[in-house]
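Enquirer: this one's structure only:
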C-alpha cells in the first residue's frame, strides 16, 4: 500500500524475499473491518471502542480512532481499485459478523467485516500488487533484506541478499518502509508461513532499536488440529459454535452475551481450560468447531438469533460452501472431512504479533521510550506496533491496520523524502558487516544443526510462552533460549553454493527468531499481570495501577535485555472490566 | 509412520553439468504433505535440497512442482493421495534454476502483458462504493482465486511447444477483469489475447483445469474469453 503511494511520486523499490503475491497477507481469510453500516446501524466510534476493549485497554486510543475513522474511506478506496468484495442484495459491499465487533447499544455482534468470500486477504494482496504493476513500481523479487544502514542516527538504506546469485546489494535510500509481517514461526503450532521469521525486527534490535509490547502475541482459537492452519473466525461469524467432548457449547459459560464471538484471547483461553479439564474430543487436545447447518440452526433457535429483517437466522449447506469455500477446501484436503457434515477439530494456534516496531500515527519509527523519531525509517502492518491492537487484536483489524497505516506512511514518506538530500553512507562497510556475519555461518566448524535449534525453540515457546504463562515457565524459557543462542554460535551449514542457498538464509533466520523469542519471554516475564493475550497463572488479574503501560525492550550488544516503559494514550474510553 | 521413497530431480548450476535423480527414503504419515517430507530432507538429511515454499497450506503458490507426473502444490499433496513412491521434478517449460526452483520471470512477463489490473474510465462515486449485483460479481468469481503458482501454464502442451504462448494463467487473470462489470479495459485485453500467441493456441486439452490447485475451471474461462473475442469482432 505504501509503495503504491510513494511509487506515483518518487523512485520506489519494493524489496521482498518472496514474490510479492506470496506474502502472508494473502492467507487472511475473514475480512477487513469498517463501520460502513451497509446492513445495519454502525458507527466508527463503536468500532473504536470495540478495538480498545478487545485490546484490553492497552491500545493507544488516539491512533485507534484514526484507524477506525479512516477505515471507511480506505475500504471504498480498495473497492475503487477494483477489489472484488462480495455484495449485498443492493449491490453494496457485503459485511459479516466477527469476534468482538458489537453494536455498542445492544452489545450484540454487528456486521462490520467487509469480505470477499473467505479470501479477503488474497484479494487485497492481489489488488495492491495489480495497482503497483499499473503504476510501474519497481520490484526486487527474491531479494532478502539482511541489514539496515544507519549513519548519524538516520536510516539511509538497506543491504539485501539476492537469492538467485548470492550477491549482496546496497539500496541507498532517503526513506525505508518496513512492512515485513510477523514471526509466528517462533512457535511450533502456527498459522504463519514458513517465511514469517521477523527478520527486520531482529535487525532493528541488533542495531540498538527497541521493540514494543512483545509479550503480546495472539493465539487464534481455531487452528486446524495438529497443523495449525487457520480456520477463520468467519465460521463463527456465520453461526459456527465450539463444542467440547460432552457435547456442550462451552462458550456460553465464558462469554454469556456474544458467546462464540468473544475476542480471540478469551476464546483461546476457554478452549485451553476445556482441554485442561479433560474435555477435549476423544481425550485429545482439541475441541470441535461445528458449522453443520443442523447444529448452527439449532443454536440460532435457542439464542433466538434474528437477521436484519427480523426473521430467525438460518443457514444451509450451500450457503456455508459459498461463504467459506477455502476453509471447506482445507478441511477436505488435510483432514478428509466436509464442514457442512462434520465438525472441524481445532485448537489455538500462534497467529499474530500485537507488538513490534514502535511507530507513530504516520508510521514513523520511534527509537526509544520517549517517542524520539528515528529519521528515515517507517513501518506498517504486523511488524509495527502503533499500537492499535493493544494486548489483543480483533479479527478483521489486521488487514485494516496494514492498509490504513501503509497509506498514511506512504503519504508522509513522499513529503519527507522530497525535502531531503541523500545522506552519506559507506556502502562497502555495510556489505562487509553482513558478509562477515554470513561467512561466520558458512565457515563455522561447529556441528550444531540450526534446524534442531529452531525446533527446540518452537516447542519451548509453545509449552511455556503461549496461551497461559507462569513465572517458572518463562524463567526456564529465558535460560534455555540463552543456551540455544550459545549453541547457535557454532552451527553447521552444508551448502556453500551462491545460487539459491536457502539453507544459509534459513539458518540466519533462526538467529533472528532466537532474538525475538528471547525479547518476548523477557518482556512477558516482567509483566506481572494478566492482560489480553498475556495471561499468567500467578497474576490472574489486569493491574491498571501498575501495568497500564507499554513495554519498550532493547537488546544490548552483550545479549542482555533492558526493559523500559511508556504510558498508554487514553482519550475517551476509560479502562473498565472486560466482559463479553 | 511408513517408509516412503522420494525420487527427486536434482541440479545445482554451480557444480552439475546436467540434472540427475536422487532417491531419499523418509518416514511419513499418510496425512503428511509432500512438503513435510521435503522439509525433513532439507533440515535433517541434505541441506542443499532446494525448493520454494512459504504458507504451507495452498494459498501462496510458491511450491508448485511436478509430482508423479502431475503439477501439484507440495503443501497440498498428501502421501495418501500420491502413494509411497513419489517422483518429484521442477515445473516443465520454465528454465530450471536449481533443483525444484524454476525461473518464474517468463511466466510473470506473460502475466503482466494482459493488463492485469482494474481499468475504469468512469470516476468512482465521490462517496461510497461502485455498485455491483450479486449476479454480476458471481460471473468472474472463479477466476479471482488464482494464486499465480504456474501449475496450469506449465502443464499446457501448447506452452511447452511455444514459450511465447501467453498461457492459461495469464488468460485467467485477464478473464477476472474482462467479466467484471465495473471494468472498462476489456477491449484492450481482448485485442492482446486475440493475437497469434493469445487464446487461440489453446487446444482445449484440459491439463490446466486438472492442474489448478485452487479448483478454477481454467479451460472454461479460456473458452469464455475466446467466445468474447468472437462476439466482439462480429
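Expert: Nice, I can see it. Because the structure is predicted, anything quoted here is derived from the model rather than measured.

Enquirer: How many residues are close by the closest residue to chain A within chain B?
Expert: Residue nearest to chain A within chain B: residue B:118 (2.5 Å; Cβ to the nearest Cβ). Yep, even glycine has a C-beta here, placed from its N, CA and C like the rest. For residue B:118, the count of nearby residues is 22 (other Cβ atoms under 10 Å in any protein chain shown).

Enquirer: Quick check: closest non-adjacent residue to the residue most central in space within chain B.
Expert: Centroid check for chain B by Cα atoms, centre = their mean gives residue B:150 as the closest residue, at 2.4 Å. Counting by Cβ to Cβ, 6 or more residues apart in numbering or on different chains, residue B:107 is the residue found nearest to residue B:150 once chain neighbours are left out, at 4.9 Å.

Enquirer: Who are the packing partners of the longest helix seen in chain B?
Expert: Secondary structure assigned by DSSP state H gives helix B:218-233 as the longest helix of chain B. Judged by 3 or more Cβ pairs under 8 Å, 6 or more residues apart in numbering or on different chains; DSSP states H and E, helix B:218-233 is in contact with helix B:167-178, helix B:186-193, helix B:207-211.

Enquirer: domains of the chain?
Expert: Went with chain A since none was named. As assigned by automatic domain parsing, chain A contains the domains A:222-346, A:427-545.

Enquirer: meant chain B actually
Expert: B:2-102, B:105-233.

Enquirer: Would you convert these into CSV that also reports mean pLDDT and distance to residue A:314?
Expert: Output for the domains of chain B, formatted as CSV (pLDDT from 0 to 100; distance: least, Cβ to Cβ, whole Å):
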stretch, mean pLDDT, distance to residue A:314
domain B:2-102, 97, 30
domain B:105-233, 97, 19
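
Enquirer: Put together CSV for those, with distance to residue A:535 on each row.
Expert: As requested, those are exported to CSV (distance: least, Cβ to Cβ, whole Å):
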stretch, distance to residue A:535
domain B:2-102, 27
domain B:105-233, 36
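
Enquirer: closest one to residue A:183 among the ones you listed?
Expert: Among the domains of chain B, the nearest to residue A:183 by Cβ to Cβ is domain B:2-102 (14.1 Å).

Enquirer: Quote the end-to-end distance of the closest one.
Expert: 30 Å (Cα to Cα, to the nearest Å).

Enquirer: So what's the gap between that domain and the chain middle?
Expert: Domain B:2-102 sits 16 Å away from the centroid of its parent chain (Cα atoms, centre = their mean, to the nearest Å).

Enquirer: Just the closest residue of the stretch 201-350 of chain A to chain B, please.
Expert: Closest point on the stretch 201-350 of chain A to chain B, by Cβ to the nearest Cβ, is residue A:229, at 4.6 Å.

Enquirer: How many neighbouring residues does that residue have?
Expert: 27.

Enquirer: who touches it in this structure?
Expert: Contacts here follow Cβ atoms under 8 Å, 6 or more residues apart in numbering or on different chains; on that basis residue A:229 touches A:191, A:223, A:330, A:334, A:349, B:56-57.

Enquirer: mind redoing it with 10 Å?
Expert: A:27, A:189-191, A:222-223, A:327, A:330-331, A:333-335, A:346, A:349, B:55-59, B:75 (Cβ atoms under 10 Å, 6 or more residues apart in numbering or on different chains).

Enquirer: Check what pLDDT residue A:513 gets.
Expert: Residue A:513 carries a pLDDT value of 98.

Enquirer: quick one: it and chain B, what's the gap?
Expert: 14 Å (Cβ to the nearest Cβ, to the nearest Å).

Enquirer: Mind listing what's buried along the helix or strand in which that residue is found?
Expert: Element membership for residue A:513 (DSSP states H and E) is helix A:502-526. By 16 or more other Cβ atoms under 10 Å in any protein chain shown, the buried positions in helix A:502-526 come out as A:502-525.

Enquirer: Run through who's touching stretch A:136-143.
Expert: Residues from elsewhere that reach stretch A:136-143 (Cβ under 10 Å, 6+ apart): A:3-4, A:6-8, A:11-22, A:128-129, A:131-133, A:158, A:160-164, A:167-169, A:171, A:500, B:52, B:101, B:104-105, B:108.

Enquirer: State the mean pLDDT of that stretch.
Expert: 96.

Enquirer: before we move on, back to that, quick check: the residue nearest to residue B:150 vs residue B:76, distance?
Expert: The gap separating residue B:107 from residue B:76 is 19 Å, by Cβ to Cβ, to the nearest Å.

Enquirer: Give me the number of neighbouring residues for residue 23.
Expert: Chain wasn't specified; assuming chain A. With other Cβ under 10 Å as criterion, residue A:23 counts 25.

Enquirer: other chain: chain B
Expert: 10.

Enquirer: What about residue A:318, how many residues nearby?
Expert: Residues near residue A:318, counting by other Cβ under 10 Å: 10.

Enquirer: where does it land on pLDDT?
Expert: 95.

Enquirer: Please apply the same query to residue A:323.
Expert: Reported pLDDT for residue A:323: 88.
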